[in-house]
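**Q** After the sequence you'll find the predicted model.
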Amino acid sequence: MKISPPKRAHQFLRWFCREDYLEEIEGDLMEVFEKQYENSPRKANRQFICSVIRYFRPGFIKSFKNSFQPDSFAMYRNYFKIAWRNLLRQKMYSSIKIGGFALGIAACLLIALFVKQELSFDQHYRNGDRIFRLLRESGRGAGLHFPSLLAEVIRKEYPEIEKAGHILQNFGAGSNEVRRTDATESTHEEGLIFADQEMLQILEVPFIKGDAENALMQPNTMVITQNKAEKYFPNGDAIGKQLIMNNDSTRIYTVTGVVKDCPASSHLQYDFVMTLYQKEFWPGERDNWGLGNYIVYLRVKPGTEITKTEKKLSRLLDKYFLPGVEGQNAKDWVKSLHFKLQPIDDVYINRAGLVGDGVPHGDLRFIWLFASIAVFILLIATINFINLATARSANRAKEVGLRKVVGSRRINLIKQFLTESLAYSFFSFVLGFALAWLALPAFNQLVAKSLVFPWSSWWLMPSLVVGTFVVGLLAGIYPSFYLSSFKPVQVFKGAVSLGSRGSGTRGSLVVFQFAISVILIIGTIVIDKQMKYVLNTKLGYDKDQVLLLESTNTLGDKTSVFKNKLLRLHDVKYVSVSGFLPIEGTRRNNSGMWKAGKDEEDRVQQSQHWNVDVDYLKTFGIRLLNGRDFSEKIASDSQAVIINQSMADALQLTDPIGQHVKTFAGEWTVIGVVEDFHYQSMKEKIMPMGIYLGKSQQTISVKLNTGNMQEAIASISKVWEKFSPNQTIRFSFLDQSYAKMYDDIKRMGWIFAAFATLAIIVACLGLFALSAFMVEQRRKEISIRLVLGASLNSIFQLLTKNFLRLVMISLVIAAPVAWYAMHMWLQDYAYKTEINWQIFAIAGLMAVMIALVTVSYQAIRAALMKPAESLRTD
């Protein structure tokens, strides 16, 4: 048996060693290797590798200067000519190779733009590493709303805190109807917040006009963005001008500053910043440590140790919060809290267990999932490149053999094939960039973003060059070494004529391609199933034919009269006035509730507390399980509460009617229990809830009983115009608003479907080309079988069974991976669909059918060819 040293080490020696030393060194090493191999093959291999490495030093390494001589440039020019000729001669092969690569590159580039923007949120601050948002945490979750006094106390008592400010996103913030003092018609605006002067410094708000140090240091002042300044004061300076909020003459604000528009990459979006200086929303609100409505931001001094600062800040709980709390249950809850500093660049991508923090959020897991899809699609395209190059080995074998016979060295052949790979990579990158640019508008609509193609960015052209080389080398290195390894004697004997060498590798790569495609198909099906589940599940309330009139707090004292006018319309069944609605984006109030009684030791139950009117339950069709609804005729209902079933269970109230419960606002009598209803996303478990009579006039909900919606809207609009002639009516439908809550699931489903389709297309392009070359290589075998009487069906089975076997293997591999990935995704939902076997059956059937259709054309074409034409050359 002929023995040989480690192949890669031997090749490396021949590559770097000077030719005048190579023969002598190679002979010495082989002599030593053969002697040692008889005693210990493993030791002989290890010794050979170490000896080769020892020779890799100056004196033995040959000069590579010739690589850069004019003759060398001529050689590379010749390589490019050969690559160009092969590209034109093999049009189908070249189209699939370049087209598949370009699709993968385009998808990768689009996803890279998305990931880059998602990870760029809040990266624009000069002192971003020192800016934090304050959270409170306990075993029951996290919160971020604090009393008005907290920011000022932190500034005074903690020298390591450089700045401390707070903002308010309710009580007149959020959306408003805005007009100039000399105008009559109001305009609806979003993006209004209350803030103190410190917040402008913490957030490094860039001023265009006004005093940046004192802009919010007077009552009833505001700062507006440049865009809004140009909108409301197009012909003059906005400084000193006044704006009225919600037609309320007591809410006239003077513009004291104009700032640059808020960056799109900021988690906190605003157009109007109203001052909190001396602002008190009701008597005692500013001095009450038991209230929590403000979000606090801090900027620490350089070198501050965050963990120690968090511990020091937590001492404020005992010093200020605990003394104002009554009842042992509430005291225990306060003692369980601690403060946490959340870095500002973490706010967007980390919800931190918060519900209703009023800012948009990304999902870090979704971002990395998206990035993984991009990498996998590029891998599928690269696999196509490798598969097609190695599958065409029979076509290039004689070329390699002849070049070696006339003296071409293997390193030159490797250079030639790598040059061809780089040429294909370059064409693919250019086409991929063009496809990405053309697809960007549709991609923006798909992901609900406003991405811009970075033509002017400094990194674009370097990325094109580096990407061409990296992808070209990675994709071409295996085919280059594989094709250049053919030996002339084997080639001319026909030993590689069938291109069978490497078929196992190609099969493995096909399995990988279809495994990724099947995972994406299963993901698409699961997401679609979850979407149907959340849209069609029983909610606990009736969302159909409910019209939501928005910004109705501008009606003020006329709200009750307006409601009565609406009830007189024949298309209107019920009307309710409340800003607390069972959809996201509306008012929320999270606080504690516990059973009354001195000896009661139950813990405080965190719960929602909603202010509604007497018609709320009827308007939304919320079912009473026990007790009664509110009544205008019963005066004691002002101190009554209706709880949901989750609250009754949490407080262990077996007979809740007539029981007394306590909150931080007082003591209440339970008069009713309603069925649990979903008022948040299906991601959130239904929390305990208390419903009270109270004012919350932001929205008026109208239950209609007509099939003619246009007529009903027209009737309601006429009534609105009489009460608010200077404000355009704004409305939406509850069922549509509910559906919008799940736009993120819809988008994720569309994204999975789009990229699953793209992955399948790229994989099928490769499969189609592989089947074409397989038919070409087995052309004579098929002709002989046909001459001997083989049927069309047997030829079809012969050519398709191997591909179908590979697809079935990919399904077996993909199924557990897809199940785990989608199982983890569904963990975000408290209420979710099931992943059953039918999903995998559908995905498997789709993959098999797609593969079968892809290879069928070539298989049928081969079965119908004339044997005489194929055998004529023999």
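**A** Looks like it came in fine. This is a predicted model, so every value here is computed, not measured. Residues are numbered from 1 along each chain as shown.

**Q** just for the stretch 151-300 of the chain, where's the confidence low?
**A** Confidence mapping of the stretch 151-300 of the chain against pLDDT under 70 gives the ranges 172.

**Q** how about the strands of it, start to end?
**A** 161-168, 174-180, 187-195, 207-210, 221-225, 242-245, 252-259, 272-275, 295-300 (DSSP state E, counting those that start in this stretch).

**Q** can I get these in TSV with mean neighbour count and distance to L549?
**A** (Glycine included, C-beta is placed from N, CA and C.) Formatted as TSV, these follow (neighbours: other C-beta atoms under 10 Å; distance: least, C-beta to C-beta, whole Å):
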stretch	mean neighbour count	distance to L549
strand 161-168	22	25
strand 174-180	20	13
strand 187-195	19	13
strand 207-210	16	36
strand 221-225	24	27
strand 242-245	20	19
strand 252-259	21	25
strand 272-275	24	23
strand 295-300	23	29
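
**Q** can you put these in TSV and add distance to S336?
**A** As requested, these are arranged in TSV below (distance: least, C-beta to C-beta, whole Å):
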stretch	distance to S336
strand 161-168	23
strand 174-180	31
strand 187-195	30
strand 207-210	42
strand 221-225	39
strand 242-245	39
strand 252-259	40
strand 272-275	35
strand 295-300	20
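
**Q** Out of those strands, which gets nearest to F433?
**A** Among the strands of the stretch 151-300 of the chain, strand 221-225 comes nearest to F433, with 34.5 Å by C-beta to C-beta.

**Q** tell me the SS of the nearest residue to I522 once chain neighbours are set aside?
**A** Spatially, and ignoring its direct neighbours in sequence, I522 is nearest to A818 (3.8 Å; C-beta to C-beta, 6 or more residues apart in numbering). Assigned state for A818: helix (three-state reduction, DSSP: H, G, I helix; E, B strand; the rest coil).

**Q** and A818, how many neighbours does it have?
**A** By the criterion of other C-beta atoms under 10 Å, A818 has 24 neighbours.

**Q** can you pull the pLDDT of it?
**A** At A818, the model reports a pLDDT of 91.

**Q** Repeat that for the one 3 residues further on.
**A** The predicted structure scores A821 at 87 on the pLDDT scale.

**Q** you'd agree it is up against I519?
**A** Yes - at 7.0 Å, A821 counts as touching I519 under the criterion of C-beta atoms under 8 Å.

**Q** So which of those two has more stuff around it?
**A** I519 (25 against 16).

**Q** if I pick that one, what's in contact with it?
**A** A814, V817, A818, A821 (C-beta atoms under 8 Å, 6 or more residues apart in numbering).

**Q** and the third one, how far is that from W825?
**A** Just to be clear, that refers to A818. Here A818 is placed at a distance of 10 Å from W825 (C-beta to C-beta, to the nearest Å).

**Q** Show me where the stretch 251-400 of the chain has its helices.
**A** 306-316, 328-335, 364-391, 393-405 (DSSP state H, counting those that start in this stretch).

**Q** Residues touching stretch 147-160, excluding its own?
**A** Counting by C-beta under 8 Å, 6+ apart, 134, 161, 163-166, 196, 198, 276, 285-294, 296, 298, 300-301, 304, 309, 312-313, 316, 320 sit against stretch 147-160.

**Q** same check, this time on stretch 830-849
**A** By C-beta under 8 Å, 6+ apart, stretch 830-849 touches 514, 517-518, 521-522, 525-526, 529-530, 532-534, 537, 678, 682-686, 804, 807-808, 810-811, 814-815, 818-819, 822-823, 826.

**Q** repeat for stretch 80-94
**A** Contacts of stretch 80-94 (C-beta under 8 Å, 6+ apart): L388, R392, Q416, T419, E420, A423, Y424, F427, A769, A772.

**Q** Tell me which of these fall in helices.
**A** Using DSSP state H, the members of those that fall within helices are L388, Q416, T419, E420, A423, Y424, F427, A769, A772.

**Q** Skipping its backbone neighbours, what lies nearest the last one in space?
**A** This means A772. Going by C-beta to C-beta, 6+ apart, A772 has Q858 as its nearest residue, at 5.2 Å.

**Q** and the gap between the one you found and M92?
**A** If you go by C-beta to C-beta, the gap between Q858 and M92 works out to 11 Å.

**Q** any common contacting residues for these two?
**A** Here Q858 and M92 have A772 as joint contacts, going by C-beta under 8 Å, 6+ apart.

**Q** Out of the strands of the stretch 151-300 of the chain, which is closest to S578?
**A** strand 174-180 (15.6 Å).

**Q** helices or strands next to the closest one in the packing?
**A** Using 3 or more C-beta pairs under 8 Å, 6 or more residues apart in numbering; DSSP states H and E, the elements in contact with strand 174-180 are strand 187-195, strand 242-245.

**Q** Which residues does it contact?
**A** Contacts for strand 174-180 (C-beta under 8 Å, 6+ apart): 185-190, 192, 232-233, 241-247, 272, 358, 550-551, 554, 726-727.

**Q** And for stretch 542-551?
**A** With C-beta under 8 Å, 6+ apart, stretch 542-551 has contacts from 175-177, 188, 246, 581-582, 619-621, 698-706, 712-713, 716, 720, 727, 729-735, 737-738.

**Q** and with 7 Å instead?
**A** 175, 177, 188, 620-621, 699-704, 729-735, 737-738 (C-beta atoms under 7 Å, 6 or more residues apart in numbering).

**Q** Which positions within that stretch qualify as buried?
**A** Using 16 or more other C-beta atoms under 10 Å as the test for burial, stretch 542-551 gives D542, K543, Q545, V546, L547, L548, L549, E550, S551.

**Q** same question, stretch 764-780
**A** 764-775, 777-779.

**Q** With just CA atoms, put it into CSV.
**A** Taking C-alpha atoms only, stretch 764-780 is exported to CSV below (Å, rounded to 0.1, in the frame of the first residue of the first chain):
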residue,chain,number,x,y,z
CYS,A,764,-34.9,26.0,-7.0
LEU,A,765,-32.7,27.9,-9.4
GLY,A,766,-29.8,25.8,-8.2
LEU,A,767,-31.9,22.6,-8.2
PHE,A,768,-33.0,23.3,-11.8
ALA,A,769,-29.4,23.8,-13.0
LEU,A,770,-28.2,20.7,-11.1
SER,A,771,-30.9,18.6,-12.7
ALA,A,772,-30.0,20.0,-16.1
PHE,A,773,-26.3,19.1,-15.7
MET,A,774,-27.3,15.7,-14.2
VAL,A,775,-29.3,15.0,-17.3
GLU,A,776,-26.4,16.1,-19.5
GLN,A,777,-24.0,13.8,-17.7
ARG,A,778,-26.3,10.8,-17.8
ARG,A,779,-27.5,11.5,-21.4
LYS,A,780,-25.9,8.3,-22.9
